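Engineer: Give the three-dimensional model of this entry:
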Amino acid sequence: MISILAQERLLGATLGCALTGIVVFEQRKRIYDSVSSYQSEMKEPIFGKKSRSEFALLWNKTVDQIFVPVIEAISSRRW
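Structural biologist: Prediction:
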């Protein structure tokens, strides 16, 4: 038979575990809510998807215009 002292310790440990579980659950819930509200408030980056693709296209055209003559000059020397 379990002594009264052991029963009190077991009850204390059980209640402590339950309280700790509740506190951890509530903290995780608050963290999740704060992260989701922050993500919903985030604004579109400076360059949106359309602007990024337009910038990439412009960048590629510029690189082609600069380096095509260089490549042709190197090719004409048969390097």
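Engineer: what about the chain, any weak spots by pLDDT?
Structural biologist: For the chain, the stretches flagged by pLDDT under 70 are 1, 39-49, 78-79.
Engineer: mind checking the longest helix of it?
Structural biologist: helix 4-41 (DSSP state H).
Engineer: the domain parsing of the protein - what is it?
Structural biologist: Recorded structural domains for the chain (assignment: automatic domain parsing) are 1-42, 44-79.
Engineer: I'd like the ones you listed as TSV, with mean neighbour count appended.
Structural biologist: C-beta coordinates here come from the backbone N, C-alpha and C atoms, glycine included. Output for the domains of the chain, formatted as TSV (neighbours: other Cβ atoms under 10 Å):
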stretch	mean neighbour count
domain 1-42	9
domain 44-79	9
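Engineer: Return the distance of the helix or strand just after the longest helix of the chain from the chain's centre.
Structural biologist: Heading C-terminal from helix 4-41, the first helix or strand you meet, by DSSP states H and E, is helix 49-76. Computed by Cα atoms, centre = their mean, to the nearest Å, the separation of helix 49-76 from the middle of its chain amounts to 32 Å.
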